[in-house]
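*Asks:* predicted model and sequence below, questions to follow.
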Amino acid sequence: MSEQETPAAFGARAREWITRNLPPADDAGGAGGLEADDATELRLVAEARQLQKLIFDAGFAGIRYPVEFGGQGLARAHQLAWREAAAGYRLPVEFNVTHGILGPTLLDFGTQEQKARHLPRMLAGEELWVQFLSEPAAGSDLAGLLTKADRDGDRFIVNGSKIWSTGAHFSDYAMVLVRTDPDAPKHAGLSMLYLPIATPGVTVTPIKLVTGGSHFCQEFFDDVALPAASLIGEQNDGWRVATGLLFHERNMVAGNSLNDHGAAEGGESEAGPGGELIELARAAGRARDPYTRQLVGEALVLEALANPAISRVNALLKAGRMPPAGAAIVKLLNAVSDYRIREIALEIGGTRAVMSSADDPAGGHAQRWLGARIRTLAGGSNEMQRNAISERILGLPREPSPDSGVPFSQLLAARRRT
């Protein structure tokens, strides 16, 4: 491949390869992600590993990743050309988090050895990564985490628990935020480590969801020994790494990440549900009902807002006219819009939308509504996105922080007394 290949030529070459090598999207045999049952999800993950290896071997993986780490070293325009060429085909979207969040975080903060060892394997479909951030007792206060890592010579000993980790039960590695200095203020005593999930002492427990699947997990760490080389960034500088990770997460939702398979990102690459609602209205015998038509119109407007919002935020971020927290705008927009659209589907379909099977044109919408509620929490709740927008973009004053500058050990002692 020539370094001078234009996005148009790249897209044409990709389209020719895709039509010969990738299966149609409807051959997936069931929805993945939040709406999948356990058996379907595990099967799709196995298929995704094979597809990602196929794409990597053909020279189309990691389009914006550096060549030295197995990528193609190309521009966003080439990435968009790939996405356009691949529309309608089955893509290994199970690698979205690996390629869109954790790979870029490793690029930013990892050592040369860490990057050289793991990034090519991520791109080749050999390593699925997950983030271990949230904790049962911390709520939305990520810096208030209790999982600790004690330094013991050339290793860390990790104890604690994480929760709501997406796909931990089928992933290979995790980035885990831990407390390494309890006597420092809560943001200053954190470190980011990475670990093979099969490490002795790590227990992964899938959480059964109301959708029937187990997409999220809780993890327990009992004297988990990790080499000091597992540290990403500097010791006690983990908050900076976590902030970078969260930037990449929001950037992925905004459609501007290094992830090549944009089906889970929304906006530019995700097919909207407007057509589904029109079919639903017809199936429910309400296509001519004025209120139903108003609801469908509302959904179409929400759907139409996505692309302009993504383009505007991306342009402002690229020009340096908006701080990185700007990606929270699109994250919030997508979560609120998706949930409202799924509510509209239930209004139109009524009990039939809840009770019918997925084979019925009116069926399956209850599962999607349940999944949409999860999306208002996953990756940072709507309330956290509103805080980020108000404080970091609009410049509104922060709420008072009585724990600022206070050693975490003192905060923890006060918490235990209460």
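*Replies:* Structure received. Residues are numbered from 1 along each chain as shown.
*Asks:* what are the ranges of the strands in the protein?
*Replies:* Per DSSP state E, the chain carries strands over the ranges 129-132, 148-152, 155-166, 173-179, 190-196, 202-207, 216-227, 231-232.
*Asks:* what's the closest of the ones you listed to residue 242?
*Replies:* Checking these against residue 242 by CB to CB gives strand 173-179 as the closest, at 5.3 Å. Any C-beta I mention is one placed from the backbone N, CA and C, and that applies to glycine too.
*Asks:* contacting residues around that closest one?
*Replies:* For strand 173-179, contacts defined as CB atoms under 8 Å, 6 or more residues apart in numbering pick out 102, 105, 118, 127-133, 142, 145-149, 156, 158, 160, 162, 165, 168, 189-197, 219, 221, 232, 238, 241-242, 245, 408.
*Asks:* quick revisit: tabulate the strands of the chain (a markdown table), appending distance to residue 112, mean pLDDT and mean neighbour count.
*Replies:* Output for the strands of the chain, formatted as a markdown table (distance: least, CB to CB, whole Å; pLDDT from 0 to 100; neighbours: other CB atoms under 10 Å):
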| stretch | distance to residue 112 | mean pLDDT | mean neighbour count |
| --- | --- | --- | --- |
| strand 129-132 | 18 | 97 | 26 |
| strand 148-152 | 23 | 97 | 16 |
| strand 155-166 | 21 | 95 | 20 |
| strand 173-179 | 18 | 98 | 25 |
| strand 190-196 | 15 | 98 | 23 |
| strand 202-207 | 27 | 96 | 16 |
| strand 216-227 | 17 | 97 | 18 |
| strand 231-232 | 13 | 98 | 24 |
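*Asks:* CSV please, covering these and showing distance to residue 387.
*Replies:* Listed next are the strands of the chain as CSV, based on distance: least, CB to CB, whole Å:
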stretch, distance to residue 387
strand 129-132, 20
strand 148-152, 27
strand 155-166, 19
strand 173-179, 19
strand 190-196, 20
strand 202-207, 26
strand 216-227, 23
strand 231-232, 26
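*Asks:* identify whichever of those lies nearest to residue 381.
*Replies:* Among the strands of the chain, the nearest to residue 381 by CB to CB is strand 155-166 (10.9 Å).
*Asks:* tell me what the closest one is packed against?
*Replies:* strand 129-132, strand 148-152, strand 173-179, strand 190-196, strand 216-227 (3 or more CB pairs under 8 Å, 6 or more residues apart in numbering; DSSP states H and E).
*Asks:* distance from the chain centre to stretch 189-199, please.
*Replies:* 19 Å (CA atoms, centre = their mean, to the nearest Å).
*Asks:* ugh, wrong one, I meant stretch 277-297
*Replies:* 32 Å.
*Asks:* and it, end to end?
*Replies:* 10 Å (CA to CA, to the nearest Å).
*Asks:* give me the residue ranges of this structure where confidence is low.
*Replies:* Counting by pLDDT under 70, the ranges of the chain that qualify are 1-4, 27-36, 211, 254-255, 263-272, 356-359, 361-362, 412-418.
*Asks:* show me it divided up by domain.
*Replies:* Following automatic domain parsing, the chain resolves into domains at 130-241, 266-393.
*Asks:* next, format those domains as CSV and append distance to residue 249.
*Replies:* Listed next are these as CSV, based on distance: least, CB to CB, whole Å:
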stretch, distance to residue 249
domain 130-241, 8
domain 266-393, 5
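*Asks:* between these, which gets nearest to residue 92?
*Replies:* Among those, the nearest to residue 92 by CB to CB is domain 130-241 (12.8 Å).
*Asks:* what's stretch 103-113 in contact with?
*Replies:* 62, 65-66, 69, 114-115, 118-119, 122-123, 129, 175, 192, 229, 232-233, 240-241, 244-245, 248, 257-258.
*Asks:* those residues, buried ones only, as a PyMOL selection?
*Replies:* Remark: buried members of those, expressed as a PyMOL selection using 16 or more other CB atoms under 10 Å:
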select buried, resi 62+65+69+114+115+118+119+122+123+129+175+192+232+233+241+244+245+248+257+258
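*Asks:* which of the contacts of stretch 103-113 fall in helices?
*Replies:* 114-115, 118-119, 122-123, 240-241, 244-245, 248 (DSSP state H).
*Asks:* farthest-separated two in those?
*Replies:* 123 and 240 (25.2 Å).
*Asks:* where's the nearest residue in space to residue 295 that is not next to it in sequence relative to residue 300, distance?
*Replies:* Spatial nearest neighbour of residue 295, excluding adjacent residues (CB to CB, 6 or more residues apart in numbering): residue 344 at 4.8 Å. Separation of residue 344 from residue 300 (CB to CB, to the nearest Å): 10 Å.
*Asks:* more crowded one of the two?
*Replies:* residue 344 (22 against 17; other CB atoms under 10 Å).
*Asks:* list the contacts of the more buried one.
*Replies:* With CB under 8 Å, 6+ apart, residue 344 has these contacts: 277, 295-296, 298-299.
*Asks:* tell me the buried residues within these.
*Replies:* 277, 295-296, 299.
*Asks:* can you pick out the most distant pair from these?
*Replies:* Among those, 277 and 295 lie farthest apart (CB to CB), at 7.7 Å.
*Asks:* what do the two both touch?
*Replies:* 344, 348.
*Asks:* what lies in contact with stretch 328-342?
*Replies:* 250, 253-255, 266-267, 273, 277, 298-299, 302-303, 305-306, 309-310, 313, 365, 368-369, 371-373, 375-376, 379-380, 382, 385-386, 388-389, 393.
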